[in-house]
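K.L.:
sequence and predicted model, in that order:
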Amino acid sequence: MQKKILLTSFHTWLSDQQSNSSDDLLLELAKMASVTHDLHFLHRLPVDVALASSQVIAKINQLEPDYIICCGMAASRQQLSVEVIASILSGESTDKELIDQPEIFLQTTVDIKQLVAGTSAVEISYDCGKFVCNGLYYSVLDYLRQSQSSTPAIFIHVPILHPENLIGMIADFVLMINNLALL
């Protein structure tokens, strides 16, 4: 049975960037006829936490996906990185249950070790950064938690893509999609 999967990527944020590797990877994925799932793409999200989050949450409500895979660029990394947690400072939260904690962490419900099983160059990360990637991931996880949705969501950081790593990155990414659909 085909699974409905929402995949998101960001726009560039620096004037010298020709593209965002998260979007490049999803564009390559969209070209593949061998992916058997019902993939829905939300390309080039604005590099703004509030705007990106509202667009993704609206798409979640419209699409009602089985899974959500948010992607962002991590130029300093060498392999795909699956993020386990996202965080914010308590002053940034409006949730009264969480307000007294100095930093608030939310964790994906996905078994990340099973997700990356069989991949050749994927790392498990506990540092989603402090930029828009972390903000979007936290917003999505918080929205799913507050709405009591059982839809699993993950965030994957994508390094700069080049001819030497592209095929391996795509293969690992597709394997993770297939693993996710089996969880």
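P.N.:
Noted; the coordinates are in hand.

K.L.:
flag the shaky bits of the chain, pLDDT-wise.
P.N.:
Low-confidence segments of the chain (pLDDT under 70): 1, 14, 17, 89-102.

K.L.:
in it, where's the longest helix?
P.N.:
helix 166-182 (DSSP state H).

K.L.:
buried residues in that helix?
P.N.:
Residues of helix 166-182 classed as buried: M169, I170, D172, F173, V174, L175, M176, I177, N179, L180, A181 (neighbour count, 16 or more other Cβ atoms under 10 Å). Every C-beta, even on glycine, is put in place using the N, C-alpha and C of the backbone.

K.L.:
now those as a markdown table including distance to V158?
P.N.:
Listed next are those as a markdown table, based on distance: Cβ to Cβ, whole Å:
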| residue | distance to V158 |
| --- | --- |
| M169 | 7 |
| I170 | 11 |
| D172 | 11 |
| F173 | 8 |
| V174 | 14 |
| L175 | 15 |
| M176 | 12 |
| I177 | 14 |
| N179 | 17 |
| L180 | 16 |
| A181 | 20 |
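
K.L.:
closest to K113 among these?
P.N.:
N179 (10.2 Å; Cβ to Cβ).

K.L.:
give me every residue that touches the closest residue in space to the closest one that isn't next to it in sequence.
P.N.:
On the basis of Cβ to Cβ, 6 or more residues apart in numbering, the spatially nearest residue to N179 that is not a chain neighbour turns out to be L115, at 5.2 Å. Contacts for L115 (Cβ atoms under 8 Å, 6 or more residues apart in numbering) come out as V82, I154, M176, N179, L180, L183.

K.L.:
which non-adjacent residue is nearest the third one?
P.N.:
Spatially, and ignoring its direct neighbours in sequence, M176 is nearest to L115 (5.6 Å; Cβ to Cβ, 6+ apart).
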